[in-house]
Structure formats: C-alpha cells, structure tokens
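Engineer: Quick one, fold the following:
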Amino acid sequence: MLTSYTVTIPPGGRTDAFVQTIITWEFDGETFKTHGLDADQTEAAIKATAKMLNRIEHWFLYRE
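Structural biologist: This next block holds a predicted model:
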C-alpha cells in the first residue's frame, strides 16, 4: 500500500534541475522508502517505484 508520495522540485524553474521523488510503501507489516532522481518528474517516480518493487521482492524472497 502506498503511504506517502512526495515530489521535491528545486526553486527557480530551471529546466535542467533534478526532481526528487520519495515514495513510502507498506507491505506485509514492513515499511519501505525509496528515492527517485531525474530531470523529469514522471521518470523520477518510475525510478523510485522500480527500486521499491525490487526491494520488496528481495525482502519477500530472503526474509526468514
């Protein structure tokens, strides 16, 4: 379940500035948080989501 989604865009309106996306999820009683960084807001969100899915998969496969 998605619990938090934050986008940080640096002030000044520069088109080459990076956007940071922070996503927090809860899965099976655990909380996972990842960051995505890109010049495009959508790409930053996709990167954070891909990291999240990889972390959850790794946690699920290797938990004791």
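Engineer: Report the secondary structure state of the residue nearest the centre of the chain.
Structural biologist: By CA atoms, centre = their mean, the chain has its centre lying nearest to A48, at 2.8 Å. Under DSSP: H, G, I helix; E, B strand; the rest coil, the three-state class of A48 is helix.
Engineer: tell me the SS of T6?
Structural biologist: strand.
Engineer: quick revisit: nearest residue to the residue nearest to the centre of the chain other than its sequence neighbours?
Structural biologist: Leaving aside its chain neighbours, A48 sits nearest to G36 (3.1 Å; criterion: CB to CB, 6 or more residues apart in numbering). For the C-beta atoms, the positions are set from N, CA and C on the backbone; glycine is no exception.
Engineer: which residues does the one you found bridge with?
Structural biologist: Under DSSP bridges, the beta-bridge partners of G36 are T21.
Engineer: distance between the ends of stretch 30-48?
Structural biologist: End-to-end distance of stretch 30-48 (CA to CA, to the nearest Å): 17 Å.
Engineer: List the buried residues in that stretch.
Structural biologist: Neighbour-count burial for stretch 30-48, counted by 16 or more other CB atoms under 10 Å, picks out 32, 34, 36, 38, 44-45, 47-48.
Engineer: Show me the two of the residues you listed that sit farthest apart.
Structural biologist: With CB to CB as the measure, no two of the buried residues of stretch 30-48 lie farther apart than F32 and D38, at 19.8 Å.
Engineer: Could you pull up the contacting residues of A45?
Structural biologist: 5, 7, 21, 23, 36 (CB atoms under 8 Å, 6 or more residues apart in numbering).
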